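Novice: Structure for this input, please:
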Amino acid sequence: AVIGTHRETGAPITVHTDSASQAGRGVVDLFTKEGVDLSKVVIGHAGDSNDLDYLKSMADTGAILGMDRFGLDTANSTADRVATVAALCEQGYADRMVLSHDTSCYIDWLGPDPSVVSALAPNWVYTHISDDVLPAMLEKGVTQAQIDQMLVENPRRYFAG
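Specialist: Numbering: from 1, shown residues only. I've put the predicted structure just below:
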């Protein structure tokens, strides 16, 4: 249904993947086979991986890497996520990544008590990227232009008709 809708309308697609099993490869393979415009696909949770070969293999198809879940350090530490994004930027992939925290104000599988999320992932908050991640990226050599590319230009291109 997603592929048919995309082909008919050009609507962008974001998929949830499991980086540990490199599920993004299967998504890219299927979407390529079905004629999906991969420049309109965000491979969600790509940021859980630090495997540059895996990440570049998807980005090289034109797909966008969802370097998301910053602050969910149980899946991948912020320091490792920053180092991975910095390495990819150094290799010319800033135009194939978007950044986010993928947090929410309520997660039903953790119950109504917000202290549960705070205890499990204290950095999984709305301000983590601006307060912590972006300064760390700048320290690792990511340029302001690359940050603007990932936060402004790439989303603009993704959503453009």
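Novice: hmm, which helix or strand of the protein has the shakiest average pLDDT?
Specialist: Among the helical and strand segments of the chain, the one scoring lowest on mean pLDDT, DSSP states H and E is helix 114-120, with a mean of 75.
Novice: Would you mind giving the secondary structure of the residue nearest the centre of the chain?
Specialist: The C-alpha lying nearest the average C-alpha coordinate of the chain belongs to Gly66 (C-alpha atoms, centre = their mean; 1.6 Å). Using DSSP: H, G, I helix; E, B strand; the rest coil, the secondary structure recorded for Gly66 is strand.
Novice: Contact partners for it?
Specialist: Neighbour list for Gly66: 14, 42-47, 98, 100 [criterion: C-beta atoms under 8 Å, 6 or more residues apart in numbering]. (Glycine included, C-beta is placed from N, CA and C.)
Novice: any idea which helix or strand carries Ile147?
Specialist: Under the criterion of DSSP states H and E, Ile147 resides in helix 144-148.
Novice: For that helix, which outside residues touch it?
Specialist: Contacts of helix 144-148 (C-beta under 8 Å, 6+ apart): 89, 94, 134, 137-138.
Novice: For Gly47, see how far away the residue nearest to the centre of the chain is.
Specialist: 7 Å (C-beta to C-beta, to the nearest Å).
Novice: out of the contacts of Gly66, which are buried?
Specialist: If you count burial by 16 or more other C-beta atoms under 10 Å, the buried members of the contacts of Gly66 come out as 42-47, 98, 100.
Novice: any chance of those in CSV, with secondary structure, distance to Ala83 and pLDDT too?
Specialist: Converted to CSV, these look like this (DSSP: H, G, I helix; E, B strand; the rest coil; distance: C-beta to C-beta, whole Å; pLDDT from 0 to 100):
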residue, secondary structure, distance to Ala83, pLDDT
Val42, strand, 21, 98
Ile43, strand, 19, 98
Gly44, strand, 20, 96
His45, coil, 17, 96
Ala46, helix, 15, 97
Gly47, helix, 11, 96
Val98, strand, 18, 98
Ser100, coil, 18, 94
